[in-house]
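[1] 3D model of this:
(one chain, ligands or ions: 2)
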Amino acid sequence: MQVFAASFSWGDDPLARALAPPPNESDEERTARMNVEIEAKRISDKIDEELQRQEKVKKKEPRPVKILLLGQSESGKSTTLKNFQLMNSPKAFRSERASWRAVIHLNVVRSIRLILDAMTEAQADPEGSSSGYPRLTTEHLMLKMQLSPLVQVEEALARKLVPSGTAAFDAARFSQDDKVYYTNSVRSREVAVNSQFAWKGIFSRFVASTRQSFESDASGPGWENMDDTGRVICACREDMIRLWNDATIQALLHAQHLKLEDMPGFFLDSLDRVASPKYVPTDDDILRARLKTLGVTEYRFMIKDKTLTAALREWRIYDVGGHRSSRAAWAPFFDDMDAILFLAPISAFNQTLEEDPNVNRLEDSILLWKSIIANPLLAETSIVLFLNKVDIFKAKLEAGVKLSRYIVSYGNRPNDYESTSNYLRRKFGQVLRDHSPQPRYFYFHFTTVTDTKTTSTILRDVQDTVVLKSLQKSNLIE
Ligand SMILES: Nc1nc2c(ncn2[C@@H]2O[C@H](COP(=O)(O)OP(=O)(O)OP(=O)(O)O)[C@@H](O)[C@H]2O)c(=O)[nH]1
Ligand SMILES: [Mg+2]
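    Ligands and ions are numbered 1, 2, ... in the order given. Sure thing, here's the model as predicted:
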């Protein structure tokens, strides 16, 4: 210790010693050394300047706008996301048509399977004496047999979309019914896909080989480019049409209260088109296709701000699963959002949750809305309400379904669209006034998000006004 202290002194700095000029330096050597040092300083100053410039640019670059889509399952979140994609990156949206064709085929075979299941139930009581079901003829049973390969097609498509054993597949949330992954109830069992899993990539080989035909609107890829599942569906087209249009089958579905046309992903009225070899999904078809979300999907795009600076700003839209078991995944997104689009399907007033048949869907929407409004983490976040599925809501009212039968508080007010829709809007507005931690503006729209034209106007309004206000409030825009 003493030896070390004796050999080291502050005046003997090894760094200063290393940088000091050599003791017997000539004038020439000195000039050369100084020139090298001047050049080194010039380069170093330039690097500092560049770093400072980059820092300034970084500060000026607008921060991304983040929007979170919320609402119960089947409320229309993913359909709203599709509208954003169609508006802001139509080419990319349309390049995914081959993948959506597979989903539409899956939707078709699901509807057919539900009819086949209904027929099996009727076969258990052939005389219809105890159930009151209409009698099925040998012709019906022949049709049923001819269509039975579609059950395997459903499983094959489902397995393609949700391969078991992938890290992205969350088996805990599914019952393994017939080795295919469906959500719990057998009648409404439905394939779900985890958004972390790049399911669209599965069809990319197919897309690549048929890119031209899919990108031009003229005609589809044709039989020769179709995969096996597509071929079976096309081969069954005539039989499916006959089954769906059969009066006895319609009576049977009616007797079993099975309204396929009210279910998401209904394409049986378009079988002629969607089960043809040259079928290419239209934008409308893609918006009507149903694929339940698990996990979180992020979509990014750039648009010009509607501000004086007209800066190009990145937008990020987040789509989450609305099933009760998926809602715990919402919270981590709450503290970082500029706006929330909350979807409440008002047409669901006479339906119950798939997760819990004792809970009315509209009631679930109101409770969910209340919990979002009251959440202190979201106190500063703009929230926009979409009272969605207005088309189905109107159709139900016109068919004579009474709102007051399910929402008793509606009493004996008139059952027309004007009165009922105003009543529901006021209910949601009242929850906002009563439960928001601080006063906030009630932004709402009546929507049918499967209608791209009206939805794009509404979304542009959301983009231009609501979010802009939120950015101004947080001083992100001068
Ligand atoms: N007729 C009609 N159908 C709609 C409307 N909005 C959504 N749909 C359909 O309803 C189904 C469900 O919509 P999604 O967007 O998948 O619902 P989601 O909220 O993403 O549901 P999860 O992923 O389960 O949380 C789809 O088949 C849509 O095409 C609407 O306004 N009118
Ligand atoms: Mg979804």
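[2] CA atoms of stretch 431-445 as PDB?
    Extracted in PDB, the C-alpha atoms of stretch 431-445 (Å, rounded to 0.1, in the frame of the first residue of the first chain):
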ATOM      1  CA  VAL A 431     -73.500   7.100 -17.900                       C
ATOM      2  CA  LEU A 432     -70.700   9.400 -19.300                       C
ATOM      3  CA  ARG A 433     -72.000  12.400 -17.300                       C
ATOM      4  CA  ASP A 434     -72.500  10.400 -14.100                       C
ATOM      5  CA  HIS A 435     -69.300   8.400 -14.000                       C
ATOM      6  CA  SER A 436     -66.600  10.400 -15.800                       C
ATOM      7  CA  PRO A 437     -63.900  11.500 -13.200                       C
ATOM      8  CA  GLN A 438     -64.000  14.900 -14.800                       C
ATOM      9  CA  PRO A 439     -66.300  16.600 -17.300                       C
ATOM     10  CA  ARG A 440     -65.700  15.400 -20.900                       C
ATOM     11  CA  TYR A 441     -67.400  15.900 -24.200                       C
ATOM     12  CA  PHE A 442     -69.800  13.200 -25.400                       C
ATOM     13  CA  TYR A 443     -68.700  12.200 -28.900                       C
ATOM     14  CA  PHE A 444     -71.000   9.700 -30.500                       C
ATOM     15  CA  HIS A 445     -72.000   8.400 -33.900                       C
END
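[3] mind starting the numbering at 7 from now?
    Renumbered: residue one is now 7, and that last one reads stretch 437-451.
[4] Are it and ligand 1 in contact anywhere?
    No. Stretch 437-451 does not reach ligand 1 (C-beta under 6 Å from any ligand atom); its nearest approach is 11.4 Å. C-beta here means a position set from N, CA and C on the backbone, and glycine is covered the same way.
[5] How far does that stretch sit from its chain's centre?
    25 Å (C-alpha atoms, centre = their mean, to the nearest Å).
[6] residues making contact with that stretch?
    With C-beta atoms under 8 Å, 6 or more residues apart in numbering as the test, stretch 437-451 has contacts from 372, 375-376, 379-380, 382, 385, 388-393, 431, 434-435, 464, 467-468, 472.
[7] Check the most centrally placed residue in the chain and give its pLDDT.
    Nearest residue to the geometric centre of the chain (C-alpha atoms, centre = their mean): S84, 2.6 Å. We have a pLDDT of 95 for S84.
[8] so S353 touches K402, yeah?
    Yes. Between S353 and K402 there is a contact at 6.1 Å, judged by C-beta atoms under 8 Å.
[9] hey, what's in contact with both of those two?
    Common neighbours of S353 and K402, using C-beta under 8 Å, 6+ apart, do not exist here.
[10] Quick one: buried ones out of the contacts of stretch 437-451?
    Listed as buried from the contacts of stretch 437-451 are 372, 375, 379, 388-393, 431, 434, 464, 468, 472; burial here means 16 or more other C-beta atoms under 10 Å.
[11] and which of those is nearest ligand 2?
    Ligand 2 lies nearest to F392 out of these, by C-beta to the ion, at 13.9 Å.
[12] Phi first, then psi, for the closest one.
    With angles defined as degrees, to the nearest 10, F392 sits at phi -110, psi 110.
[13] who's in contact with it?
    So F392 contacts 77, 82, 86, 347-350, 450-451, 453, 455, 464 (C-beta under 8 Å, 6+ apart).
[14] if we go to 7 Å?
    F392 sits next to 347-349, 451, 453 when contact means C-beta atoms under 7 Å, 6 or more residues apart in numbering.
[15] again with N418
    Residues near N418 by C-beta under 7 Å, 6+ apart: S410.
[16] now the one 3 residues further on
    Shown in contact with N421 (C-beta under 7 Å, 6+ apart): 403, 408-409.
[17] Need the three-state assignment for it.
    Assigned by DSSP: H, G, I helix; E, B strand; the rest coil, the conformation of N421 is coil.
[18] do the same with S137
    Secondary structure for S137, judged by three-state DSSP, is coil.
[19] Then L349?
    The local conformation at L349, judged by three-state DSSP, is strand.
[20] measure it to N394 for me?
    Counting by C-beta to C-beta, to the nearest Å, the gap from L349 to N394 is 5 Å.
[21] Looking at these two, which one has more neighbours?
    Neighbours were counted for L349 and for N394 using other C-beta atoms under 10 Å; N394 has more, 30 against 24.
[22] Quick check: bridge partners of that one?
    Beta bridges link N394 to P351 when assigned by DSSP bridges.
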